[in-house]
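Chemist: What would the 3D arrangement of this be:
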Amino acid sequence: MSPAQLLALLRSSSIGEVIFDDSRGGTWGRRHRSPPDPNRFPKVPSEKGTELMHSGLFGANDFRLKKRKQLARRILDRELGVYSGIDRQRNQDLMAQDMIPSTQAETIIHYEDPVYSGQFSDDGNFFYSCGHDFQVRMYDTSNPYEWKYYKTVHYPFGQWTLTDASLSPDNKWLAYTSIQSNVCLAPTDPNDTGDPYTLSLSDRGTRGQPLGWRSWDSFGIWSVRFSGDGRELVAGTNSNRIIVYDIESRTVLHSVHGHLDDVNAVCFADKSSPHILYSGSDDTTIKVWDRRSMADGREVGAFIGHVEGLTYIDSKGDGRYILSNGKDQTMKLWDLRMVMSPDRFRELNPTQHTENRDFDYRWGVYRDDDWFPHPSDDNSVVTFRGHKVLRTLIRCHFSPPSSTNSRYVYTGSQDGKVWVYNLDATVAGVIDVNKATKNSRRPGRRGHPMYFDDDDHPGWRTCVRDASWHPNAPLLVASAWNGLNATSGTCSLHSYNEAGEDEADPRMGRSVDEHLEPNPDLFQDVFR
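Modeler: Numbers count the residues shown, from 1 in each chain. Predicted coordinates:
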């Protein structure tokens, strides 16, 4: 056991409370602060979030349609032509945003190793999953309920796991990364079975020649994104840098030391534009960059409010709203109009309040007493609490406009669930992936023992690292570390199910392997 793991274990135990809590006479006080204010947490429902819900930017309101109705009644009203004009459109929007996927899984896709990420393409016709085994599986999801296996591509000489992937705007190429300075670029065409291209994002890399992980200039990539025009890649690295790479010329255009710690996430403000991008870091800040002025290494603005490092950021795609997940167990919504100027950021020096923290999210336990409002000017709009951002870089997203009317934000969670929030920070729904998947496979090749009881399966562990809501259908896919002691993985498909019963064929809850085939090691609804 490493020293960090030992310290985390002590902190999570009653002995650790004595050792680390100076209020009990210990000498290593975990946080030298007075007892926290019990009223310090953001109010729920959030007033600003409620305003956003009523603004029309995040879903429709039923003020003019008066009563909340069941989906079947709204469909009947639509078919009978009860509403017309703007009310007809609002009725349609309300139908879409009411269809939150349920816990019971349509299909459970099993993998031998944990799944680190999985996403639909923008048109919903394609899905990819990235695994701990350095494999990316690709699927045809043009029928979201009847998937077809495409192919698998590999990352050669990866380190630890695949960290991220990004589809090109035309869906023809997939860029995927590991804790290396190289990006693999693979065609999504199932008939193209050639090896992926390897691109070196290191300044020292020669044209088209990747650097090995032992190179002194090697680094790891935590996040990668295609630009809106598909010509560039932007990456966040464990060398505190944001890198902009030109694909055609295979050259690094910018390598900016933009943060004080790992850059865990990058994204563009608007998928159709290559100019404004964001970076989120373990230094607890989000930086805003303009691609046209990155040469001087100076950001155009910053967001502060998290008191632990960021694990993920996502853009609504409208050039205005941003979402982030943090190791302080909160998700935050940001508005670009409220960005802090670089001069103000340097004047406040916000990282002085968070730079010497001792919490290790990979092993530690984060209690409510550990959380405090950021002492500087928190310029977030809404703060969401309830899910758990532990063990890994858990991801969060805006819900899509077509299938949900942009009504929600959602996130994976270490507790084995997908949490869906309204914009006012109240919980709209919870998809219990652990409940839906537990006991769905036999002991794997790792030889873990199998124990059953009436309440739970003690060895079955689930951590939902990523989730993806289909852009056109009321269906969500949760990508998870799953199974016995979370040593394997799943992508589980969860659909909206108002009836609560299964009358379709094939039955809900069926288990398949990575190629979507039945497997004798997978239980078919036996223990449900």
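
Chemist: who's in contact with Leu260?
Modeler: Going by CB atoms under 8 Å, 6 or more residues apart in numbering, Leu260 touches 240, 281, 283, 351, 355. Heads up, the C-betas are built off the backbone N, CA and C, glycines and all.

Chemist: Return a PyMOL selection command for the buried portion of these.
Modeler: The command below creates a PyMOL selection of those among those that count as buried (16 or more other CB atoms under 10 Å):
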select buried, resi 240+281+283+351
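
Chemist: Of the contacts of Leu260, which is the nearest to Pro518?
Modeler: Pro518 has its nearest neighbour among the contacts of Leu260 in Ser281, at 44.1 Å by CB to CB.

Chemist: Can you tell me how far Tyr408 is from Val418?
Modeler: Separation of Tyr408 from Val418 (CB to CB, to the nearest Å) stands at 11 Å.

Chemist: Check Pro400 too.
Modeler: On the measure of CB to CB, Pro400 and Val418 end up 15 Å apart.

Chemist: Can you report how many residues neighbour the nearest residue to Phe523 once chain neighbours are set aside?
Modeler: Nearest in space to Phe523, with sequence neighbours left out and distances taken as CB to CB, 6 or more residues apart in numbering, is Ser440 at 5.3 Å. Around Ser440 there are 25 other residues, counting by other CB atoms under 10 Å.

Chemist: just checking, Ser440 touches Asp521?
Modeler: No: contact between Ser440 and Asp521 fails when scored by CB atoms under 8 Å: they sit 10.2 Å apart.

Chemist: Can you tell me the SS state at Glu347?
Modeler: helix (DSSP: H, G, I helix; E, B strand; the rest coil).

Chemist: count of neighbours near it?
Modeler: Residues within reach of Glu347, counting by other CB under 10 Å, total 11.

Chemist: Report pLDDT for it.
Modeler: pLDDT recorded at Glu347 is 95.

Chemist: roughly how far apart are it and Arg337?
Modeler: Glu347 is 20 Å from Arg337, by CB to CB.

Chemist: Please name the nearest non-neighbouring residue to Trp460.
Modeler: Nearest one to Trp460, counting by CB to CB, 6+ apart, is Lys438 at 4.4 Å.

Chemist: quick one, phi/psi of that neighbour?
Modeler: phi -60, psi 140 (degrees, to the nearest 10).

Chemist: pretty sure it is in contact with Arg461, am I right?
Modeler: No: assessed by CB under 8 Å, Lys438 is found out of contact with Arg461, at 9.2 Å.

Chemist: Which secondary structure element of this protein has the lowest mean pLDDT?
Modeler: helix 14-20 (a mean of 38; mean pLDDT, DSSP states H and E).

Chemist: Which strands or helices does the helix or strand following that one pack on?
Modeler: Proceeding N to C from helix 14-20, the next assigned helix or strand is helix 47-55, under DSSP states H and E. On a contact count with 3 or more CB pairs under 8 Å, 6 or more residues apart in numbering; DSSP states H and E, helix 47-55 meets strand 382-385.

Chemist: got a list of contacts for the strand it packs on?
Modeler: 41-42, 44, 46, 48-49, 52, 305, 329-333, 409, 411, 419, 421, 423-425.

Chemist: Please indicate which of those residues are buried?
Modeler: 42, 44, 46, 48-49, 52, 305, 329-333, 409, 411, 419, 421, 423-425.

Chemist: Let me see the contact set for the most centrally placed residue in the chain.
Modeler: In the chain, the centroid-proximal residue (CA atoms, centre = their mean) is Arg395; its distance is 1.6 Å. By CB under 8 Å, 6+ apart, the residues touching Arg395 are 117, 311-312, 314, 325, 411-412, 465-467.

Chemist: where exactly do the helices run in the protein?
Modeler: 3-11, 14-20, 47-55, 71-80, 85-97, 342-348, 401-404, 433-437 (DSSP state H).

Chemist: For the shortest one, could you pull out the residues that count as buried?
Modeler: The one in question is helix 401-404. By 16+ other CB under 10 Å, the buried positions in helix 401-404 come out as 401, 403-404.

Chemist: can you dump the C-alpha coordinates of that helix into CSV?
Modeler: The C-alpha coordinates for helix 401-404 follow below in CSV (Å, rounded to 0.1, in the frame of the first residue of the first chain):
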residue,chain,number,x,y,z
PRO,A,401,-31.9,19.6,-27.2
SER,A,402,-33.9,17.2,-29.3
SER,A,403,-34.5,14.3,-26.9
THR,A,404,-34.7,16.3,-23.7
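
Chemist: Flag the shaky bits of the stretch 51-200 of the chain, pLDDT-wise.
Modeler: 62-92 (pLDDT under 70).

Chemist: what about the strands in it?
Modeler: 105-111, 115-120, 126-131, 135-140, 148-154, 162-167, 173-178, 182-187, 197-200 (DSSP state E, counting those that start in this stretch).

Chemist: To His259, which of these lies closest?
Modeler: Of all the strands of the stretch 51-200 of the chain, it is strand 162-167 that lies closest to His259, at 16.8 Å by CB to CB.

Chemist: which outside residues touch that closest one?
Modeler: 116-117, 119, 121-122, 126, 128, 130-132, 134-136, 155, 173-179, 188, 220-226, 233.

Chemist: Tyr150: neighbour count?
Modeler: 18.

Chemist: I figured it was touching Met138, is that so?
Modeler: Yes: using CB under 8 Å, Tyr150 and Met138 qualify as a contacting pair, with a distance of 3.9 Å.

Chemist: can you list residues touching both of those two?
Modeler: Common contacts of Tyr150 and Met138, defined by CB under 8 Å, 6+ apart, comprise 126, 188, 190.

Chemist: Any chance of a PyMOL selection covering the buried ones in the residues you listed?
Modeler: Provided next is the PyMOL selection string for whichever of the shared contacts of Tyr150 and Met138 are buried by 16+ other CB under 10 Å:
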select buried, resi 126+188
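
Chemist: Can you tell me which of the shared contacts of Tyr150 and Met138 is closest to Asn379?
Modeler: Closest approach to Asn379 among the shared contacts of Tyr150 and Met138 (CB to CB): Phe126, at 36.1 Å.

Chemist: thought the closest one was touching Arg137?
Modeler: No: Phe126 is beyond contact range of Arg137, at 11.5 Å (criterion: CB under 8 Å).

Chemist: between these two, what contacts are shared?
Modeler: Joint contacts of Phe126 and Arg137 (CB under 8 Å, 6+ apart) are Tyr150.

Chemist: before we move on, the earlier item: adding pLDDT and distance to Pro274, write the contacts of Leu260 out as TSV.
Modeler: Below are those laid out as TSV (pLDDT from 0 to 100; distance: CB to CB, whole Å):
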residue	pLDDT	distance to Pro274
Asn240	97	23
Ser281	98	21
Asp283	96	25
Thr351	91	29
Glu355	73	32
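
Chemist: Identify those among the contacts of Leu260 that sit within strands.
Modeler: If you go by DSSP state E, these have Ser281 in strands.

Chemist: ok, the contacts of Leu260 vs His515, which is closest?
Modeler: Distances from His515 to these, taken by CB to CB, are shortest for Ser281, at 38.0 Å.

Chemist: ok, now which ones touch that closest one?
Modeler: Applying CB under 8 Å, 6+ apart to Ser281 gives the contacts 236, 240, 258-264, 287, 309-310.
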